[in-house]
Each structure stands twice: as C-alpha cells, then as structure tokens.
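S.K.: got a sequence here, can you model it:
(2 chains)
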Amino acid sequence: RKEVEQDPGPFNVPEGATVAFNCTYSNSASQSFFWYRQDCRKEPKLLMSVYSSGNEDGRFTAQLNRASQYISLLIRDSKLSDSATYLCVVNMRRGATNKLIFGTGTLLAVQP
Amino acid sequence: SQTIHQWPATLVQPVGSPLSLECTVEGTSNPNLYWYRQAAGRGLQLLFYSVGIGQISSEVPQNLSASRPQDRQFILSSKKLLLSDSGFYLCAWRGLAGNYEQYFGPGTRLTVT
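M.R.: Reported below is the predicted structural model:
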C-alpha cells in the first residue's frame, strides 16, 4: 500500500464548478498535512496546510479526517487558472527525522 | 523574505559525464535542505536531506551524492550519469519554526542522453 494515495484524475470540470479531491494516508501517527499545487513543468508550491478543525482560504477548503486517515480539498467556483496538479502531502516521523511524503498528484483541468 | 535559487534550469548531459547542481537559500539561517527527483509522470522522491553544514543523509542508494559546504548552499553531484538519472531535480528548504512545510526552488530539468 502506498503511504499517500490520490486519484490521478484527470478531473475535467467547467468553469464555476465545485470539485473535490480526496487523499488517504497509511501512517496513523502522521501529524502534519498539506496540499501543494504544481503547474506543468514547474516546482510544487504550498497551497495550504490542513488542520484538524478544517480550514478555508478563499475558494479552497481543506478537511482532515484522522479516524479514516483521509484528507480532502474542495475548490469552489473553479477558474481556468486552477488547472494544475494537486499534491497531497503528509509529514511522517522516521526515527529522529520528519519527512514529507508526497502523493503522485491529482490533475485538474478547468474548461472554459 | 526567503528565496531559493537553483541552477542551471535545464541541462542535457551524455551518459557517463559528471553532474553538479547547485542550490542556495537566502533570507534564512540554518535551514533544513532537501534534494528531490521527480521522474516523468511520477511523484517526488526524496534523495538527500541536510540539517546542517557537512551533515548529509541519503534516502536512496544511487550514483548521486550531496554536499553542504555552507549553511545555505546544497550541491547535488554525480561522477558518472546514467540514463535513469534523467528527471526534474528540486531543492527545498524548511525553517526550524512552522509546521514542517517545505518550500521548493524552481528546479533543474536534466536529460541524460
């Protein structure tokens, strides 16, 4: 089983649509969770951290369900500029070190 | 504010040639530094990380090596490149505060021919 699993997509949605991505992780001891955005042939950029209580940043809402070990990202009122790959990222402690484990990403294509 | 630089942006190298990729961070002290590789259509693979000058931890056995000669400088090297070394190489940093999030440089796209 992969440590972080995502549906690779692609998710093809029209402008203005609401789209949701889910991600599952295997290590129940994980403490920190993130969504990164990666544009084609560019570096990943931090979109938002995910907190236990859920958090919102404009059109983006992230949720964490520790009991089921999954993380979600909801994008409302999709824009063309939201087209990108969204990476689910989990921080895991390995011995004395904390490491980020990246999912392979979910591709979103917003259509005009 | 913090800035991370990588160079070169793209590189085409023949099999068996050496490699040196450089990463520097500005605006922060004593960062944790990381080298990742992203192969085409695949996820990010952690190659090396460093918590301080001269301190390097290797994640995956391979023909690559890393060095940290200065606090904000991280170098990825190879003596002889393989075809399988092709990929997108990303350097990242993390500060001592925060929630373990990492910030990436613009990356180097390496093609080994």
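S.K.: residues contacting the closest residue to A:Gln6 other than its chain neighbours?
M.R.: Nearest in space to A:Gln6, with sequence neighbours left out and distances taken as C-beta to C-beta, 6 or more residues apart in numbering or on different chains, is A:Gly103 at 4.0 Å. (Glycine included, C-beta is placed from N, CA and C.) Listed by C-beta atoms under 8 Å, 6 or more residues apart in numbering or on different chains, the contact partners of A:Gly103 are A:2, A:4-6, A:23, A:87-89, B:43.
S.K.: so what's residue 52 up against?
M.R.: Since you didn't name a chain, this refers to chain A. If you count contacts by C-beta under 8 Å, 6+ apart, then A:Ser52 has A:64, A:66 around it.
S.K.: my question was about chain B, not that one.
M.R.: B:30, B:68, B:71.
S.K.: show the pLDDT at it.
M.R.: On the pLDDT scale, B:Gly52 is placed at 93.
S.K.: where's it relative to A:Ala29, distance?
M.R.: 26 Å (C-beta to C-beta, to the nearest Å).
S.K.: the residue nearest to the spatial centre of chain B bridge partners, please.
M.R.: By C-alpha atoms, centre = their mean, chain B has its centre lying nearest to B:Trp35, at 3.0 Å. Beta-bridge partners of B:Trp35, counted by DSSP bridges, are B:Phe48, B:Cys91.
S.K.: ok, which stretches of chain B are helices?
M.R.: Taking DSSP state H, chain B contains no helices at all.
S.K.: can you check chain A too?
M.R.: Using DSSP H, helices in chain A do not occur.
S.K.: which positions in it make contact with chain B?
M.R.: A:31-32, A:34, A:41-46, A:49, A:87, A:91, A:97-100, A:102-105 (C-beta under 8 Å from any C-beta of the partner chain).
S.K.: so A:Gly9 makes contact with A:Thr104?
M.R.: No: judged on C-beta atoms under 8 Å, A:Gly9 makes no contact with A:Thr104 at a distance of 10.4 Å.
S.K.: tell me how many other residues crowd B:Leu19.
M.R.: For B:Leu19, the neighbour count with other C-beta atoms under 10 Å in any protein chain shown is 20.
S.K.: export stretch B:2-12 as PDB, just CAs?
M.R.: Extracted in PDB, the C-alpha atoms of stretch B:2-12 (Å, rounded to 0.1, in the frame of the first residue of the first chain):
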ATOM      1  CA  GLN B   2      13.200  33.800   1.900                       C
ATOM      2  CA  THR B   3      14.300  32.900  -1.600                       C
ATOM      3  CA  ILE B   4      15.700  29.700  -3.000                       C
ATOM      4  CA  HIS B   5      17.800  29.500  -6.200                       C
ATOM      5  CA  GLN B   6      18.700  26.600  -8.400                       C
ATOM      6  CA  TRP B   7      20.900  26.400 -11.400                       C
ATOM      7  CA  PRO B   8      21.000  25.500 -14.200                       C
ATOM      8  CA  ALA B   9      17.400  25.500 -15.200                       C
ATOM      9  CA  THR B  10      17.900  22.900 -17.900                       C
ATOM     10  CA  LEU B  11      20.800  20.500 -18.600                       C
ATOM     11  CA  VAL B  12      21.400  17.900 -21.300                       C
END
